[in-house]
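# This is a predicted model, with the sequence first.
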Amino acid sequence: MADIFIDGIVKRYGDATIIDHLSLNIAHGEFFTLLGPSGCGKTTLLRMIAGFIIPDEGRLMLDGVDITRLPAHKRETGMVFQDYALFPDKTVFDNVAYGLRVRKQSSSVIADKVGRMLERVELGHLAKRYPAELSGGQRQRVALARALVIEPRVLLMDEPLSNLDAKLRIQMRDVIRQLQQESNITAIFVTHDQEEALSMSDRIALLRNGRIDQLDTPEGLYARPHTAYAADFIGAANLLNIEGVSQAGDGCQVQLAGARFGVGNVAPQGQCSLAARPEHISLHQAAEDATRVPATVLHRRYLGYKATYALKLADGQNVNVDVPAAQDPQLGPNAPVFVSFSAECRLVQA
Ligand SMILES: Nc1ncnc2c1ncn2[C@@H]1O[C@H](COP(=O)(O)OP(=O)(O)OP(=O)(O)O)[C@@H](O)[C@H]1O
Ligand SMILES: [Mg+2]
């Protein structure tokens, strides 16, 4: 267990700046996720923390000690690679024993530690198998056991679940989280899957072109995105151009397609958009008052517990709205409707 301080890290390849003066602090025992789309620099950043890539600028501190130039094998980090990178010609036992042998531990210590580790990941009965004789989920647990058995101070995982089928991915989230908590280890997890990030993490750094767009708890990132990028990446918010905004108490009054309504935050600096999640918009068949925006139905999709409607607002912008099945008026294309925006909708940087 360790705390990590990343201080102004820069990594360039040729003219391209891949990681751009990035700083962050990760606390002892934290489950920290690097989230972002393909190519945003997640693997590059993780590999710098592991010591496989040396940064061009900046410092990396582990428990107050500068490790920027320390070779990977001296960093006491355990790494789980996206493709697991198991040794195909070694048994499960020997794969997991590898790091202990490199560290010149005695065979009785190795037998004991590997045995206990394999029990923890429920692979004790498969110790003599080879990787080719295992399922994807079993291989993934071997990779985890191999990283954890050396009792690293930091566990680094690069999209470890991406090769698994949907059901196993969800099971393995719990396994990883439980192992991390039992060993009380600092973990850095890379994914481009927002649901994985929300369900596993203590905190998430949402990356955008080598910088942090927002660093927050899962709840903070979902409920209070600062940017259109964050609102769109996490939970697919509708992003709407607004006609005007004025401060009102702790929040704002927003003008949109001739209607006026309140939202819970103040407008950020510069150009802003309204981020409205499909579950934060309600569908009505009566105008009632000037807070409701007139719209027409484009189409309705039935999803069992809810229906999603695609609507065109009076000003021509499209929005998606979720309607719980019990309140679904089951309207077809061209039906005139009204929508209201709850105070949970947010003004974000465009
Ligand atoms: N050795 C290299 N030489 C040149 N460019 C590189 C090198 N390694 C990575 N890049 C570039 O750096 C950028 C970030 O790559 P990185 O592998 O960190 O992305 P990522 O966020 O992990 O993406 P993914 O989700 O697809 O794994 C990409 O544009 C990539 O092409
Ligand atoms: Mg990657």
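Cool, the structure landed. Ligands and ions are numbered 1, 2, ... in the order given.

# contacting residues around the residue lying closest to residue 59 once chain neighbours are set aside?
Of all residues not flanking residue 59 in the chain, residue 7 sits nearest, at 4.3 Å (C-beta to C-beta, 6 or more residues apart in numbering). Where you see a C-beta, it was placed from the backbone N, CA and C, and this is true even at glycine. Taking C-beta atoms under 8 Å, 6 or more residues apart in numbering, we find residue 7 in contact with 23, 58-61.

# Can you pull out the low-pLDDT segments for the stretch 101-250 of the chain?
Counting by pLDDT under 70, the stretch 101-250 of the chain shows no low-confidence range.

# Please list the residues of it that sit near ligand 1.
residue 192 (C-beta under 6 Å from any ligand atom).

# if you go through the stretch 101-250 of the chain in chain order, where are the helices?
Remark: helices assigned in the stretch 101-250 of the chain by DSSP state H, counting those that start in this stretch are 107-120, 136-148, 166-183, 194-200, 218-223, 228-233.

# Among those, which comes closest to residue 306?
Of all those, it is helix 194-200 that lies closest to residue 306, at 16.8 Å by C-beta to C-beta.

# Now do the closest one: distance to the chain's middle.
Taking C-alpha atoms, centre = their mean, to the nearest Å, one finds the center of helix 194-200 at 5 Å from the center of the full chain.

# can you check stretch 339-350 too?
Counting by C-alpha atoms, centre = their mean, stretch 339-350 comes out at 22 Å from the chain centroid.

# Next, the contact list for the residue most central in space within the chain, please.
With distances taken as C-alpha atoms, centre = their mean, residue 197 lies nearest the centre of the chain, 3.1 Å away. Shown in contact with residue 197 (C-beta under 8 Å, 6+ apart): 33, 35, 189, 191, 204, 218.

# Pop the domain breakdown of the chain in here.
Domain ranges of the chain: 4-224, 230-349, per automatic domain parsing.

# between the contacts of residue 197, which is nearest ligand 1?
residue 191 (8.5 Å; C-beta to the nearest ligand atom).

# give the contact list for the closest one.
With the criterion set at C-beta under 8 Å, 6+ apart, residue 191 makes contact with 33-35, 159, 161-162, 197.

# Can you lay out these as JSON lines showing distance to residue 251?
Formatted as JSON lines, the contacts of residue 191 follow (distance: C-beta to C-beta, whole Å):
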{"residue": "33", "distance to residue 251": "30"}
{"residue": "34", "distance to residue 251": "32"}
{"residue": "35", "distance to residue 251": "28"}
{"residue": "159", "distance to residue 251": "38"}
{"residue": "161", "distance to residue 251": "39"}
{"residue": "162", "distance to residue 251": "40"}
{"residue": "197", "distance to residue 251": "28"}
